[in-house]
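[1] Got a predicted model here, sequence first, then my questions.
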Amino acid sequence: MQMLYHSDSYVVVRFDAPGHAPGTAAGGFEIVDKLARREVYLQGALAERFEREVQALAQQDPGVEALDAFIGGFTETAPHPLVLH
């Protein structure tokens, strides 16, 4: 598990599947929308797309607002409410 991004609005964490090299298709990304108090887990083709697009965006040296807007596009349908245990 590796935290990749943290802002006032979002947290993005990468999970690598045991036995697979980091950066491969195995595993996925958890995105937590702090303001909406919801989370979504991306895996498979969607996780690969997220990774490709965020790498391309990062090369443009975006600000926090641009990164948050990009990430927000993946959390619009986040199905899981955050629950404290």
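    Yep, that arrived.
[2] Residue 9: neighbouring residues, count only.
    18 (other Cβ atoms under 10 Å). Every C-beta, even on glycine, is put in place using the N, C-alpha and C of the backbone.
[3] Name all residues that make contact with the closest residue to it other than its chain neighbours.
    Spatially, and ignoring its direct neighbours in sequence, residue 9 is nearest to residue 68 (5.0 Å; Cβ to Cβ, 6 or more residues apart in numbering). By Cβ atoms under 8 Å, 6 or more residues apart in numbering, the contact list for residue 68 reads 7, 9, 10.
[4] could those residues be laid out in a markdown table, adding distance to residue 57?
    Below are those laid out as a markdown table (distance: Cβ to Cβ, whole Å):
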| residue | distance to residue 57 |
| --- | --- |
| 7 | 14 |
| 9 | 16 |
| 10 | 14 |
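[5] Mind putting those into JSON lines with secondary structure and pLDDT?
    Shown next, in JSON lines, are the contacts of residue 68 (DSSP: H, G, I helix; E, B strand; the rest coil; pLDDT from 0 to 100):
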{"residue": "7", "secondary structure": "coil", "pLDDT": "95"}
{"residue": "9", "secondary structure": "coil", "pLDDT": "95"}
{"residue": "10", "secondary structure": "strand", "pLDDT": "95"}
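[6] Helices of the protein, residue ranges please.
    44-58, 64-75 (DSSP state H).
[7] The last one vs helix 44-58, what angle?
    Angle between the axes of helix 64-75 and helix 44-58 is 170 degrees (criterion: axes from the mean of the first three to the mean of the last three Cα atoms, to 10 degrees).
[8] Mind listing what's buried along helix 64-75?
    Neighbour-count burial for helix 64-75 flags 67, 68, 70, 71, 72, 74, 75 (criterion: 16 or more other Cβ atoms under 10 Å).
[9] Show me which pair in those residues is furthest apart.
    Checked with Cβ to Cβ, the buried residues of helix 64-75 reach their widest spread between 67 and 75, with 12.7 Å between them.
[10] returning to that earlier point: if we take the buried residues of helix 64-75, which one ends up nearest to residue 32?
    Using Cβ to Cβ, these come closest to residue 32 at residue 75, 8.3 Å.
[11] any idea of the pLDDT on that closest one?
    Per-residue pLDDT puts residue 75 at 86.
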